[in-house]
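Asker: show me how the following folds:
(chains A, B, C and D)
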There are 2 protein chains.
Amino acid sequence: MAQALRFRQAPSPLKASCHQCSLSNLCLPLAVQDNDLDSLEDIVQQGRMYNRGEHIFDQSTPFRSCFAVKSGSVKTSIITEGGEEQVTGFFMPGELVGLDSMSGESYACTAKALERTSVCEFPIDKLEELTGKLPELQHHMYRLMSHEIQNSHQLAMLLSKNTAEERIASLLLSLSSRFQRRRMSGTNFSLPMARNDIANFLGLAVETVSRVFTRFQNQGIIRARGREVELLDIEALQLVTREFSRQGCQQ
Amino acid sequence: MAQALRFRQAPSPLKASCHQCSLSNLCLPLAVQDNDLDSLEDIVQQGRMYNRGEHIFDQSTPFRSCFAVKSGSVKTSIITEGGEEQVTGFFMPGELVGLDSMSGESYACTAKALERTSVCEFPIDKLEELTGKLPELQHHMYRLMSHEIQNSHQLAMLLSKNTAEERIASLLLSLSSRFQRRRMSGTNFSLPMARNDIANFLGLAVETVSRVFTRFQNQGIIRARGREVELLDIEALQLVTREFSRQGCQQ
DNA sequence: GTAGTATTTTGACTTACATCAATCTGGACG
DNA sequence: CGTCCAGATTGATGTAAGTCAAAATACTAC
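Answerer: As a prediction, the model looks like this:
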């Protein structure tokens, strides 16, 4: 009952408990010593719940905070002047959203909840202050941002060099390993995003995504019904993603 | 004469002078107060000169340092297992190379001098230590990395949504503004990279790049002879890059 | 349940760019 | 000053994936 009452006042800054969080081995707490965890808790704010489709922030929002996904999932995308959308990433529990926005006044992208989602908020000024005091946390931030650059380069590579099948196989494998990190099934999961988002992210048309899904299904590599996906043959998927480089080798 | 002697011993760690560097308003010194500049100088090492084609580091090199381009220019690329190359960026004087490598033991990419190039080396452990002491420098590092993520997202967008003409126009405009930042001509410059690198970076075939260059030339938008480029009509180029979004608007 | 809308799938046709092949520079070097 | 060879250009042809159109399926809300 007391619990319920606490959640009612969610929009107001509510201290989160990293100590008790099941994601503490994935999220920022991963980088700090137990005795420093308190100082991290001091700056975290328990964010509110977002329903599917709600914006956590968009490109017109002044940049104040980074957000760690606590439950659910988030899609980030850039909206061009012409209204075109480019999905730049999907974020799952334990992952940090907003690292691409630390160089401007406003957020560099729009973040939207793909399902019912909760986040923890890290006000950037407090976070920077803290990373100045905790070298391991600073180091971890550098690592996270660096990793984000690598991810993005990887995506660019996928977009410029790989076929539709290779791109989709890569995405499925990426999702698989991220589910596994959270001790969930890596072969049997529910896609948090629509086909449309997948298509946009991978630089394909929806129709193409759909066709590849059915092709994979016919080949017995996956089983897909709507957003429910089962990876029947992970090795075959891995083979698909490497098909390209293997051919490059032969020449 | 004394000068000449100093440069002879270049390979050994030689303290660089940020105070006297003409790039101090672009590079890391930009972020530090005058009275803290000494501590930055203390950790910088004057790197050696690299001839065109020489590797500054590659994916097998253990990650130790970030490098600021002092003169010349650098190309970074990822080499896949299959030997395929994906160019991930071009770096000009004042820009920092290696930010994508801060999350692993080895460099995440290979950096190659596109012409005769000199760099300043920032050992990462010393740099992290220093950013822990100088909040503005830490802030600047976050900004740089964040900007790198944005750049990369921008590239992904270009690759997944834009035509060959739009991609090339974007690259030309990006180079133009980067030359201008260094108080050089933004309309009349020499491309540091080969057509091949442009093609690879933009996810195109060399032939396509070549064709677009001649098309632009026939339209009177640019004048190009080999690597020498003159932007005759910047507005037209900007128009090309926005062509796409404008059409998106009309629908 | 049923109506209504959004998402996904399937099929027919088109297109921008890749690929293949040949020719044309232009700078390095003896 | 010609020889060489990597890089750049130009042309002809093929194809993966986009676009358009329509049907099928999944959600939502009343």
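
Asker: check what pLDDT A:Gln20 gets.
Answerer: Listed pLDDT for A:Gln20 reads 88.

Asker: and what of the one 10 residues further on?
Answerer: Here, the pLDDT recorded for A:Leu30 equals 93.

Asker: report the contact partners of it.
Answerer: A:24, A:140 (C-beta atoms under 8 Å, 6 or more residues apart in numbering or on different chains). To be clear about C-beta, it is placed using only N, CA and C from the backbone, and glycine gets the same treatment.

Asker: buried ones in the regular element (helix or strand) spanning A:Leu175, by neighbour count?
Answerer: Assigned by DSSP states H and E, A:Leu175 belongs to helix A:164-181. The neighbour-count check on helix A:164-181 (16 or more other C-beta atoms under 10 Å in any protein chain shown) flags A:164-173, A:175-176, A:178-179 as buried.

Asker: check stretch A:213-229 too.
Answerer: Under 16+ other C-beta under 10 Å, the buried positions of stretch A:213-229 are A:213, A:216-217, A:221-222, A:224, A:229.

Asker: and the residues you listed as CSV, adding distance to A:Ser39 and secondary structure?
Answerer: Below are the buried residues of stretch A:213-229 laid out as CSV (distance: C-beta to C-beta, whole Å; DSSP: H, G, I helix; E, B strand; the rest coil):
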residue, distance to A:Ser39, secondary structure
A:Phe213, 46, helix
A:Phe216, 47, helix
A:Gln217, 50, helix
A:Ile221, 47, coil
A:Ile222, 45, strand
A:Ala224, 45, strand
A:Val229, 40, strand
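
Asker: so which bits of the stretch 1-150 of chain A are right by chain B?
Answerer: Those residues of the stretch 1-150 of chain A that sit near chain B, judged by C-beta under 8 Å from any C-beta of the partner chain, are A:78, A:80-84, A:86, A:88, A:99-104, A:108-109, A:128-129, A:131-133, A:135, A:138-139, A:141-150.

Asker: inside strands: which ones of these?
Answerer: A:78, A:86, A:88 (DSSP state E).

Asker: the second one contacts A:Thr80, doesn't it?
Answerer: Yes. Under the criterion of C-beta atoms under 8 Å, A:Gln86 is in contact with A:Thr80, at a separation of 7.3 Å.

Asker: domains for chain A, by residue range?
Answerer: What automatic domain parsing lists as the domains of chain A is A:2-134, A:162-250.

Asker: nearest to DNA strand C: which residue in the stretch 1-150 of chain A?
Answerer: Evaluated by C-beta to the nearest atom of the strand, the stretch 1-150 of chain A has A:Gly53 as its residue closest to DNA strand C, separated by 8.5 Å.

Asker: state the pLDDT value of that residue.
Answerer: 92.

Asker: same check, this time on the one 4 residues further on
Answerer: What the model reports as pLDDT for A:Phe57 is 96.

Asker: next, give phi and psi for it.
Answerer: phi -160, psi 160 (degrees, to the nearest 10).

Asker: sketch out the low-pLDDT regions of chain A for me.
Answerer: Low-confidence segments of chain A (pLDDT under 70): A:1-16, A:243-251.

Asker: in it, which helix is the longest?
Answerer: helix A:135-161 (DSSP state H).
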